[in-house]
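[1] attaching a predicted model along with its sequence, questions to come.
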Amino acid sequence: MRSRPFTLWRAEIMGALLMPAIAMVGVALPLGFISQVDGYLKYLQPMDLLPIYAWGWIIFGLVGLAMALTTTVPVMAGAWLLRHSPADWARRIGAWLSLSIIAISVLKDAKIWLEVNGYALGASMGQVKWELAYLVAGGSAVWIWYRRALPDGLRDLAIFGAIAGLAIMLMAVLWGSIARGISDVRPTTTELTSTLGQATRRPNIILLTVDALAADHMSLYGYGRATTPNLERLANQASVFDWFYANSNFTTSTIVSMMQGIRPWSHRALQSLASPNSDLGNDNLGRRLKNAGYQTMIVATNDHAAPHGYGATSWVDMIAYRRINYVFPFPDFFVRSRPAMSVLDLGILTAFSELLNSYYSTIRIKTIADHFDPEIALSTARSFVIRRDASVPFFLWVHLFPPHAPYATPPPFVGRFDHRPEARSWLDSSPLDNFQVRKDEHFPDRYVGRYDEAIAYMDYHVGQFMNWLKTHGLFDESLVAVTADHGESFVKGYGSHGGPMLHNALIHIPFLLKEPAQQVARRVNEPAEQIDLMPTILDLVGIPAEGKGEGRSLKPAMRGKPLPGAVFSMNFEQSGRDSGLSTGSVAMIEGRWKYVHYRGKISYPMMSKLEDSLYDLELDPGEEINRIPTHPEVATKILARIQEELRQHGGSVK
């Protein structure tokens, strides 16, 4: 006779369901946190670690509980149908999950330690990470099958770690900082109304920023493949800047520079989750436009390009976050918390995110190449524009994710430039980061075509959006700007973006600017940089450029006047946010010359020795020949300028 129906509320079953969550918060979380704490302390104070750990306790616990429920309950149901003991199988599955979590966490953090310290074994483990995970899970299953329980020492360790984590979470709550990181200053009535009389005479402003878009892969800039026909049409009635540079090589730093008009060595958003220097206040493009009477609207896709990171949310009338498919399923309020976002890169949690998206793709909840569909963001932008207050001008900023990795695109774009069957899903179309691509025998050949197809994918949707603006009578009289946060590298044995390298593939980006009623094309050959975007837009709509900005208006260059001066790009992610900028890289471009300076003990997996370099961009646009030996006087002069800038801006921040 079949036993009575099982219930989840029995103590032994509840214990089995809770044990994986305890393993997550008691072992996986501390291990992941320890491996990341040095990185956190580069931009956080020690007490700021409390809310991160508190959020980690909540999130890791929920993930562990979800794993237990989705795994244990179906097995228990099957055991009951087969007249086995559901409680016995619950204990086994709970113990197996817990042992697997602990073992995989140890393995993952060992891999990170080996990579950081330059051991080749770490890179080798990365190549077979899923095979190792399956092997560990299988070994854990064999252990539990014969022993039927976690080793007592591991169980006690997990329980102790969970209780200690709970104490830390309570401390964070008492300290009142668990939601820290969302602070803005509201504009005063005087600020908002001071220029409202002029607002109706100002044009609408539409800013499109594109993630990881390298100018040297755009047909607009002479690339051999027809990747950007729609942007070329836009260029027929816009100013195109031939030498526009990102102020860094990853999103957080460049977006802050763009929106605040200040270089990274001043704003100090030097790491992906770092916030800008609080001494800069809330001075950004959105605030200036809001104060001048603009209705402000933002559509974000990349969390690192969302306005909460640099204190702009209080100046936004309409905002939408994470308008993509490829996301871990957390609500918007979670994205707005820097401590909560910091947890997503901790230890074993990243593997669960990958596994979840892989599951979605397998069962076609999400198709395998629509992860960054631009239509999701642009349809939101259209709805914002339709719902706007038509009596005042609007500022619309949309950040688009393609061509950021994974590069795969849906038909008809996939296969347009590379007909091979490989790298056609989000699962296999991302290169490894930075120097680690050297262990990928398929780099760059397998990825370049897919990247170019992703650019064409983005370009098509931008063209459709421009057509929509024209249909609704919003194109001609608006100021339209298109640019990127940074580029993408497939050269010099270096992949993706970020890290210490600053060659042009990473920092040479597009910038198109269509003025209201403009009908002629202009090419601007003067070097410019992202910090110039804010003062240029303000100048073109008649708003005074005030504050601590380091950029300059490009309006004179658009009128054919020379624009003397150097531009800078940099990466100091391995320097402390508030300490001196002792470790990192700086590039200075002036005229035909580009100098790249490395300082401090830069350390990245598989990195070869880095030496200062001088390039003649006119004769050597690919930056292949170091001209320091043949032009020492030029090198000495530019290096002296870089060092002087670092003396002014590279000290500690109080």
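    That came through fine.
[2] just the mean pLDDT for the lengthiest helix in the chain, thanks.
    For the chain, the helix with the greatest residue count under DSSP state H is helix 49-81. This predicted structure assigns helix 49-81 an average pLDDT of 81.
[3] only the buried residues of it, if you could.
    Residues 49-61, 63-65, 67-68, 71-73, 75-76, 79-80 are the ones in helix 49-81 that count as buried (16 or more other Cβ atoms under 10 Å). (Each C-beta comes from the backbone N, C-alpha and C, glycine too.)
[4] repeat that for stretch 403-412.
    Of the residues in stretch 403-412, 403-409 count as buried by neighbour count, 16+ other Cβ under 10 Å.
[5] JSON lines for these, including secondary structure?
    Listed next are these as JSON lines, based on DSSP: H, G, I helix; E, B strand; the rest coil:
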{"residue": "P403", "secondary structure": "coil"}
{"residue": "H404", "secondary structure": "coil"}
{"residue": "A405", "secondary structure": "coil"}
{"residue": "P406", "secondary structure": "coil"}
{"residue": "Y407", "secondary structure": "coil"}
{"residue": "A408", "secondary structure": "coil"}
{"residue": "T409", "secondary structure": "coil"}
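[6] which one of the residues you listed is nearest A517?
    P403 (31.3 Å; Cβ to Cβ).
[7] tell me who's in contact with that closest one.
    210-213, 217, 451-452, 454-455, 457-458, 488 (Cβ atoms under 8 Å, 6 or more residues apart in numbering).
[8] kindly indicate whether the residue nearest in space to the middle of the chain is helix, strand or coil.
    Central residue of the chain (Cα atoms, centre = their mean): H304, 4.5 Å from the mean position. Three-state assignment for H304 (three-state DSSP): helix.
[9] what is the neighbour count of the spatially closest residue to it that is not a sequence neighbour?
    Spatially, and ignoring its direct neighbours in sequence, H304 is nearest to T251 (4.2 Å; Cβ to Cβ, 6 or more residues apart in numbering). The local packing of T251 (other Cβ atoms under 10 Å) involves 26 other residues.
[10] isn't T251 right up against T301?
    No - with contacts counted by Cβ atoms under 8 Å, T251 stays clear of T301, the gap being 10.7 Å.
[11] shared neighbours, these two?
    Residues touching both T251 and T301 by Cβ under 8 Å, 6+ apart: D211.
[12] between the buried residues of stretch 403-412, which is nearest A149?
    Distance to A149 across those (Cβ to Cβ) is lowest for P406, with 40.6 Å.
[13] by mean pLDDT, flag the weakest helix or strand of the protein.
    Lowest by mean pLDDT, DSSP states H and E among the helices and strands of the chain is helix 189-193, with a mean of 39.
[14] which SS state does L31 fall under?
    Secondary structure, three-state DSSP: L31 is helix.
[15] what sits against it?
    Contacts of L31 by Cβ under 8 Å, 6+ apart are 105-106, 108-109, 347.
[16] quick one, strands of the stretch 101-250 of the chain?
    For the stretch 101-250 of the chain, applying DSSP state E, counting those that start in this stretch gives strands covering 205-210, 239-241, 244-245.
[17] for these, which one ends up most surrounded?
    Highest mean neighbour count among the strands of the stretch 101-250 of the chain (mean count of other Cβ atoms under 10 Å): strand 244-245, with a mean of 28.
[18] any idea which of the contacts of P403 is closest to W397?
    V210 (12.1 Å).
[19] so that closest one versus S582, what's the distance?
    Separation of V210 from S582 (Cβ to Cβ, to the nearest Å) stands at 33 Å.
[20] where does pLDDT dip in the stretch 451-600 of the chain?
    Nowhere does the stretch 451-600 of the chain drop to pLDDT under 70.
[21] sketch out the helices for it, chain order is fine.
    504-507, 533-540, 555-558 (DSSP state H, counting those that start in this stretch).
[22] ok, residues contacting the longest one?
    The one in question is helix 533-540. By Cβ under 8 Å, 6+ apart, the list of residues contacting helix 533-540 reads 205, 207, 258-261, 284-285, 288, 479, 481, 483, 511, 513, 515, 544-545, 549, 551-555.
[23] distance of P403 from D418?
    Distance from P403 to D418, by Cβ to Cβ: 14 Å.
[24] which residues do these two both contact?
    Shared contacts of P403 and D418 (Cβ under 8 Å, 6+ apart): D452.
[25] and G15, what pLDDT?
    76.
[26] report the contact partners of it.
    91, 94.
[27] quick check: it is in a helix.
    Yes - the assignment for G15 by three-state DSSP puts it in a helix.
[28] and it, how close does it get to L99?
    15 Å.
[29] next: R92.
    Counting by Cβ to Cβ, the gap from R92 to L99 is 11 Å.
[30] common neighbours of these two, please.
    With Cβ under 8 Å, 6+ apart as the test, R92 and L99 both reach I144.
[31] for the two, indicate the residue with more neighbours.
    A side-by-side neighbour count of R92 and L99, using other Cβ under 10 Å, places L99 first with 26 against 20.
[32] got a pLDDT number for that one?
    Note on L99: pLDDT of 84.
[33] so which strand or helix has it?
    helix 86-116 (DSSP states H and E).
[34] which positions in that helix come out as buried?
    Buried-residue list, helix 86-116, by 16+ other Cβ under 10 Å: 86-87, 89-109, 111-112, 114-115.
[35] elements contacting it?
    helix 11-23, helix 29-40, helix 49-81, helix 120-127, helix 129-147, helix 152-175 (3 or more Cβ pairs under 8 Å, 6 or more residues apart in numbering; DSSP states H and E).
[36] P605: which of the ones you listed is closest?
    It's helix 120-127; of the helices and strands packed on helix 86-116, that one is closest to P605 (Cβ to Cβ) at 6.4 Å.
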